[in-house]
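Peer 1: 3D model of this:
(one chain, ligands or ions: 1)
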Amino acid sequence: MPSCDIFCTVIDNFGDIGTSWRLARQLAAEHGWHMRLWVDKLEAFAHLCPTIDPHAYKQQVGDIIVEQWSTDSDIKINIEAADIVIEAFGCNPPPAYIAAMAKRAAYQHAPVWINLEYLSNEPWVADFHLKSSLHPRYPLLKTFFFPGLIAGSGGALQERTRLASQRAFLSAPNARIAHCASLGVPPAAAQATLISLFSYENANLEALLSAWCNSATPITCIVPAGIISTAVAGFFGMPKLAAGMVAARGHLTVYGVPFVEQDRYDLLLWICDLNFVRGEDSFVRAQLAQKPFVWQIYPQPDHAHYVKLEATLAAYAFALSDEARLALSSFWRKWNNTSVAPLALDWNHFWQHRNRFANHAINWTQTLAKLGDLAGNLAQFCESQLK
Ligand code: TRH
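Peer 2: As a prediction, the model looks like this:
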């Protein structure tokens with residue numbers, strides 16, 4: 001089985017390491033690859049994988065070797081390059097490692113070098129996916145792999161066991177109540193809508209929370225610790241909404257919960273009626289959860305994200321009825337504060353379509369399945385290049 005090194009720099013937040021960690025685990029578990037993951041900020045990694053020791057230079061977590069990637073280790077690298085090298089999101093492996101790749105190319109098969117790009121659904125992705133470029137100095141080809149939700153892209157990460165695990169988990173009596181309890185959230189009223197809220201700072205948060213306070217039926221909102229939990233606390237006039245804290249107004253009750261390890265976060269997405277997600281990895285997991293969701297895209301300074309949001313809406317909302325598609329699109333746009341969203345955030349207009357959104361969320365996973373799973377697509381390509 002091939003060896004593979006993944007390099008990951010944590011730019012900010014958790015998406016870079018979240019995606020790299022998921023990919024590493026899947027390639028090891030489903031494809032038998034010998035995985036080593038190089039990460040520059042282990043403290044960020046420890047948030048979603050608590051067994052990580054943020055101070056260890058080298059450690060083994062399950063089947064995966066995790067190496068701290070620092071300037072220091074860059075100098076110390078005196079190793080053979082792996083069969084397959086994945087740089088997550090154009091992070092540029094250390095020069096010493098690239099030299100080791102070139103050295104290896106001189107006496108055996110050159111490593112298959114992949115640049116795993118950010119997920120995008122813009123039509124040009126299909127033209128660039130799996131295209132290669134030659135290194136300016138060494139006889140090394142770098143291939144660009146584009147995750148996406150559209151035909152011609154590399155697909156999204158979808159573990160083989162995911163669906164069966166989700167079914168088994170949800171078939172347990174009181175799965176929702178038990179998981180809420182494990183997060184310190186008491187059982188909600190039977191008719192309450194359960195919502196998870198994971199997002200960046202958001203100018204429309206107050207409007208959303210006000211709408212929930214005035215909702216005709218009870219809403220229970222679970223907020224993992226982070227930027228948005230502080231903003232939610234502000235709405236209630238509290239200094240913070242830490243794990244274990246609760247606030248209520250009108251028909252809305254919010255609970256602060258801890259930022260939990262990655263697999264437990266999936267369970268939260270599975271039990272909620274609606275999930276607010278952001279960035280890249282939670283966005284994909286919300287789709288796989290087969291539940292309605294609202295996406296806050298990672299904001300870019302030049303508003304490049306507006307185009308990406310529209311491309312995603314075009315793909316995701318395509319099969320909805322006209323009315324439901326409009327309601328979903330205008331709500332997502334408003335939540336992302338885009339220039340094409342002049343109207344106020346209208347919760348009731350959006351949520352009146354909840355049954356359509358719920359059915360669509362289930363059907364959508366069939367569309368995703370047709371694209372194949374990212375790890376499987378990537379493994380197939382890399383292994384074909386090694387022959
Ligand atoms: O943290 P993010 O905002 O990451 C972003 C995006 O990836 C963005 O595209 C990128 O440019 C930027 O990082 C640098 O959102 P994302 O992608 O959803 O990653 C969050 C990760 O955290 C995901 O793997 C799920 C995980 N998570 C947990 O493990 N536990 C939790 O309790 C929560 C709320 C999230």
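
Peer 1: List the residues that contact residue 290.
Peer 2: 166, 361-362, 364-365 (C-beta atoms under 8 Å, 6 or more residues apart in numbering). Using the backbone N, CA and C atoms, a C-beta is placed for each residue, glycine as well.

Peer 1: please redo it, this time with the cut-off set to 6 Å
Peer 2: Contacts of residue 290 were listed using C-beta atoms under 6 Å, 6 or more residues apart in numbering, and they are 361-362, 365.

Peer 1: try residue 81
Peer 2: Residue 81 makes contact with 100-101, 104, 111 under the criterion C-beta under 6 Å, 6+ apart.

Peer 1: which of the contacts of residue 290 lies closest to residue 263?
Peer 2: Within the contacts of residue 290, proximity to residue 263 (C-beta to C-beta) peaks at residue 365, which comes in at 18.4 Å.

Peer 1: quick one: contacts for that closest one?
Peer 2: Residue 365 sits next to residue 290 when contact means C-beta under 6 Å, 6+ apart.

Peer 1: And the helix or strand encompassing it, what's buried?
Peer 2: Per DSSP states H and E: residue 365 is located in helix 354-371. Judged by neighbour count (16 or more other C-beta atoms under 10 Å), helix 354-371 contains these buried residues: 356-357, 360-361, 364, 367-368, 371.

Peer 1: With stretch 246-261 instead?
Peer 2: Burial within stretch 246-261, assessed by neighbour count using 16+ other C-beta under 10 Å, is assigned to 247, 251-257, 260.

Peer 1: How many residues are close by the residue nearest to residue 211 when sequence neighbours are not counted?
Peer 2: Excluding the flanking residues, the one nearest residue 211 by C-beta to C-beta, 6 or more residues apart in numbering is residue 347, at 3.7 Å. By other C-beta atoms under 10 Å, 18 other residues sit near residue 347.

Peer 1: still on that earlier bit, tell me the most packed of the contacts of residue 81, by neighbour count.
Peer 2: Neighbour counts for the contacts of residue 81, by other C-beta under 10 Å, peak at residue 111, which reaches 28 neighbours.

Peer 1: Please name the residues that touch that one.
Peer 2: 81, 85, 101.

Peer 1: So what's the predicted local confidence for it?
Peer 2: For residue 111, the model assigns a pLDDT of 97.

Peer 1: returning to that earlier point: quick check: mean pLDDT across the helix holding residue 365?
Peer 2: For helix 354-371, the per-residue pLDDT averages 97.

Peer 1: CA atoms only: put that helix into PDB for me.
Peer 2: Output of helix 354-371 as PDB, limited to C-alpha atoms (Å, rounded to 0.1, in the frame of the first residue of the first chain):
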ATOM      1  CA  ARG A 354     -39.000  23.300   5.900                       C
ATOM      2  CA  ASN A 355     -40.700  20.100   4.600                       C
ATOM      3  CA  ARG A 356     -39.500  20.700   1.100                       C
ATOM      4  CA  PHE A 357     -36.000  21.500   2.400                       C
ATOM      5  CA  ALA A 358     -36.000  18.300   4.400                       C
ATOM      6  CA  ASN A 359     -37.000  16.200   1.400                       C
ATOM      7  CA  HIS A 360     -34.500  18.000  -0.800                       C
ATOM      8  CA  ALA A 361     -31.700  17.400   1.800                       C
ATOM      9  CA  ILE A 362     -32.200  13.700   1.500                       C
ATOM     10  CA  ASN A 363     -32.400  13.700  -2.300                       C
ATOM     11  CA  TRP A 364     -29.300  15.800  -2.500                       C
ATOM     12  CA  THR A 365     -27.100  13.200  -1.000                       C
ATOM     13  CA  GLN A 366     -28.000  11.000  -4.000                       C
ATOM     14  CA  THR A 367     -26.600  13.700  -6.300                       C
ATOM     15  CA  LEU A 368     -23.500  13.800  -4.200                       C
ATOM     16  CA  ALA A 369     -23.100  10.100  -4.300                       C
ATOM     17  CA  LYS A 370     -23.100  10.200  -8.100                       C
ATOM     18  CA  LEU A 371     -20.000  12.400  -8.000                       C
END
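
Peer 1: Report the distance from that helix to the chain centre.
Peer 2: 18 Å (C-alpha atoms, centre = their mean, to the nearest Å).

Peer 1: Next: stretch 86-96.
Peer 2: On the basis of C-alpha atoms, centre = their mean, stretch 86-96 is displaced by 20 Å from the centre of the chain it belongs to.

Peer 1: quick one: is that stretch near the ligand?
Peer 2: No. Stretch 86-96 lies out of reach of the ligand by C-beta under 6 Å from any ligand atom, never closer than 7.1 Å.

Peer 1: Go through that stretch and flag the buried ones.
Peer 2: In stretch 86-96, the ones that count as buried by 16+ other C-beta under 10 Å are 86-89, 91, 93-94.

Peer 1: Which stretches in the chain count as strands?
Peer 2: Ranges of strands in the chain, per DSSP state E, are 3-8, 34-39, 58-61, 64-68, 84-88, 112-116, 132-134, 141-145, 193-197, 219-224, 246-249, 252-257, 274-278, 293-296.

Peer 1: Return the member of the contacts of residue 111 nearest to residue 236.
Peer 2: Nearest to residue 236 among the contacts of residue 111, with distances taken as C-beta to C-beta, is residue 85, at 48.3 Å.

Peer 1: Skip the chain neighbours and tell me the closest residue to the spatially most central residue of the chain.
Peer 2: The chain has residue 281 as the residue nearest its centroid, 0.5 Å off, counting by C-alpha atoms, centre = their mean. Of all residues not flanking residue 281 in the chain, residue 18 sits nearest, at 4.0 Å (C-beta to C-beta, 6+ apart).

Peer 1: Next, count neighbours for that neighbour.
Peer 2: Other residues near residue 18 come to 25 when the count uses other C-beta under 10 Å.

Peer 1: Likewise for the one 10 residues further on?
Peer 2: Other residues near residue 28 number 19, with proximity taken as other C-beta under 10 Å.

Peer 1: For the closest residue to it other than its chain neighbours, give its distance to residue 10.
Peer 2: Leaving out its chain neighbours, the residue that sits closest to residue 28 by C-beta to C-beta, 6+ apart is residue 63, at 4.2 Å. Applying C-beta to C-beta, to the nearest Å, the value for residue 63 to residue 10 is 22 Å.
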